[in-house]
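Visitor: Give the three-dimensional model of this entry:
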Amino acid sequence: MSKHNVTIEYCKMCRWMMRASWMAQELLITFDEELDEVTLRQGTGGIYNVYVNDKLIFSRKEQGRFPEITELKQLVRDHIAPDKSLGHSDKG
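Guide: So this is what the prediction gives:
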């Protein structure tokens with residue numbers, strides 16, 4: 001089974017590295033069998049984008065907000081392991 005990668009691109013000038021690293025940690029714990037890596041990429045201009053296998057799945061600028069961690073886990077799951085249960089983080 002090939003593993004997947006997630007990239008979180010964050011604005012370093014906005015000091016969003018802590019948020020990005022926390023979300024990366026959560027994704028690595030939740031998808032320990034499915035993910036090969038989570039990469040943090042510095043950017044500027046208020047950017048906070050999340051990519052799965054180089055496909056944009058969340059953009060702070062487009063959404064006008066940050067993703068909730070449960071929402072982000074669902075988005076990642078839908079792209080890499082649609083049948084995986086997220087337990088209490090699943091949509092009810």
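Visitor: burial count for Arg19?
Guide: Neighbours of Arg19 under the rule other Cβ atoms under 10 Å: 16. In this view, the C-beta of every residue, glycine as well, is placed from N, C-alpha and C.
Visitor: Would you map the strands across this structure?
Guide: Secondary structure of the chain, counting by DSSP state E: strands at 4-11, 35-43, 48-52, 55-59.
Visitor: So for Leu86, which of those sits nearest?
Guide: strand 35-43 (14.0 Å; Cβ to Cβ).
Visitor: what is the rounded mean pLDDT of the closest one?
Guide: For strand 35-43, mean pLDDT is 97.
Visitor: Give me the helices and strands touching that strand, please.
Guide: In terms of contacts (3 or more Cβ pairs under 8 Å, 6 or more residues apart in numbering; DSSP states H and E), strand 35-43 is packed against strand 4-11, helix 17-30.
Visitor: The last one to strand 35-43, inter-axis angle?
Guide: Relative orientation of helix 17-30 and strand 35-43, computed by axes from the mean of the first three to the mean of the last three Cα atoms, to 10 degrees: 170 degrees.
Visitor: same deal with the first one?
Guide: Computed with the same axes, to 10 degrees, the direction of strand 4-11 lies at 20 degrees from that of strand 35-43.
Visitor: tell me the contacts of the nearest residue to Phe58 once chain neighbours are set aside?
Guide: Nearest residue to Phe58, sequence neighbours excluded (Cβ to Cβ, 6 or more residues apart in numbering): Val50, at 4.2 Å. For Val50, the contact set (Cβ atoms under 8 Å, 6 or more residues apart in numbering) comprises 6-9, 23, 56-59, 67, 72, 75-76.
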